[in-house]
Structures are given as C-alpha cells and as structure tokens.
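Colleague: test case, fold it:
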Amino acid sequence: LRRVAGAAASPPLMIIDKVRKYTEDKELKRLIDSVKVGNLQDFITGRAYQEYSDNSHYTEIGRYFIQTIQQVSDIAASLFMSGEMNLSPLHSLALLKVNCALIEGINNKENVLYIPAYSYAQKLMKIVDDNLDKYFTDLLVYYGREICEMAIAFILGHELGHHYFAHIDNNISVRDSSWIKEHEADQFGMKFALEYMYASIDEEDYVLPVKYKHIHKNVDYRILGIIVAFISSRLFDKRALEESELHP
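Modeller: Residues are numbered from 1 along each chain as shown. Okay, the predicted model is just below:
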C-alpha cells in the first residue's frame, strides 16, 4: 500500500497558494498575502492570533489534528468509491479492513501504520491491485487526499475568517456574541474551501486512468471535506463541537 493516509500532511501553505493563484476576490487575496501559517502547538485544532505589528496575521492548525482529518478523509473516500465504482466482494472487504484499522487508530490516538489490522488491510489492497484493478489503491489515496485538502481548506478558512472579521483584534469594537463570530467564521471557511475546490477542479494535477476521468469533475466527493472537518473536530477534541458560551 503506497499510502492510505490521504494527504501526507496536505500543507496549508499549498492550499493558500492555490487559492491565491485562482481567486478573483481581491479582498481575499489581500488577506492571504498577509497570512503566516504554522503548527507550533501539535494538540490544537486551529487558532487565529492577533494582528502583528507588521500587519501580518498568524494562524495555526495542529499537526495531530491534520492526521485525524487524513484518517477520516480516507474513510469518506472509501464510501465515495463504494457508491461510484462497481466493487467486487474483495474490493469491499479490502475497504472495510482499511476503515476498521483507521477507526481503531483514531480511537486510540495512535499512528495507524502500527496497528496490526492495518498490515492485513495492506495485503488485501495489494491483492486487489494485482488481480482486479491496478489503480484501486491509487484512487483511494487520490480521493482521500482531495477530501482531506478540502477539509483543511475549510478549517484554515475558518481561522482566516476570524482575521477577516476582526474577531480577535482588541482595538476594534466587535459584536460580543462568540456564537455569531463562529458562524461568521464558518461562512468564510465555506467560501474559502469552495474557492480551493474550484481551483482544484480547474488544475488537474493527477493523471487519472481514462475510465476514471469523469470522476475528477465530480464535485460531490470534495464537498465531503466540509463534513469531514466537523467530524474530525469532534473526534480530535470532544469539546470542539459541544455547545458552550464560545461555540454554537
């Protein structure tokens, strides 16, 4: 198995660069040009900080949170493939075993590659590749990566939304309700993720077999990334999506 961890860290900077290249929204491009992205804190979801003295904005997305997004994205990719492709029983069994290993890895907060069930899943995927469809594992990796990047684009856009609406600037009078701020950031995150999705469809950077070319233009599986972002937040930090004074 080449890799069933979707997006191999799917760097936020790559997402930002692609949106900057393709967006026609001048305000969004101006914000992107002022952004610095890092992950100094591994165990957070995402965070936006106050504007720096040089007018730049700093945003973080946690490294382990990205790993959780990758795992959930691969499960979502397998569900999409199950509905889009004519799967044999062996295909379905291989995907089921991969998903079970991924879920075990998420629940145990471990590196999925060290879970014993994953070794068996890898062997099944290789059997499928060798005997039924040599592109099968590649497609799972490809769709997992695309969904993962969409999810990260939404999370990144959410944090950029806090910058865009000046939610964290103590020098600017903003509405007191944190719920309103979070909803506004979600709306901005959706806009940013869609900008990235359109750029991804326009810039086909993966050579798909001819018989699967039509799937690349199918936006449905990319939209799964928005759902994956929320599910991953819930799995990574149960406080992230519980109703509170801070989050709706």
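
Colleague: what is the subsequent helix or strand relative to the longest helix anywhere in the chain?
Modeller: Ranked by residue count and defined by DSSP state H, the top helix of the chain is helix 136-164. Using DSSP states H and E, the helix or strand that follows helix 136-164 towards the C-terminus is helix 178-202.

Colleague: Asp25 against Glu195, yeah?
Modeller: Yes. If you go by C-beta atoms under 8 Å, Asp25 and Glu195 touch, sitting 7.2 Å apart. All C-beta atoms are positioned from the backbone trio N, CA, C, and that covers glycine.

Colleague: pretty sure His91 is touching Val128, no?
Modeller: Yes. Applying C-beta under 8 Å as the test, His91 and Val128 come out as touching, 5.8 Å apart.

Colleague: name the residues contacting each of the two.
Modeller: Residues touching both His91 and Val128 by C-beta atoms under 8 Å, 6 or more residues apart in numbering: Phe136.

Colleague: picking up where we left off before, who's more crowded, Asp25 and Glu195?
Modeller: Glu195 (22 against 13; other C-beta atoms under 10 Å).

Colleague: roughly how far apart are that one and Met81?
Modeller: Distance, Glu195 to Met81, using C-beta to C-beta, to the nearest Å: 26 Å.

Colleague: cool, Lys211 as well?
Modeller: Per C-beta to C-beta, Lys211 is found 14 Å from Met81.

Colleague: the two - which one has more neighbours?
Modeller: Between Lys211 and Met81, counted using other C-beta under 10 Å, the more crowded position is Met81 (21 against 10).

Colleague: separation between the more buried one and Ile69?
Modeller: Counting by C-beta to C-beta, the gap from Met81 to Ile69 is 18 Å.

Colleague: what is the mean pLDDT for stretch 182-193?
Modeller: This predicted structure assigns stretch 182-193 an average pLDDT of 93.

Colleague: in the protein, what spans have low per-residue confidence?
Modeller: By pLDDT under 70, the low-scoring segments of the chain are 1-11, 40, 109-113, 169-176, 203-208, 213-214, 216, 238-248.
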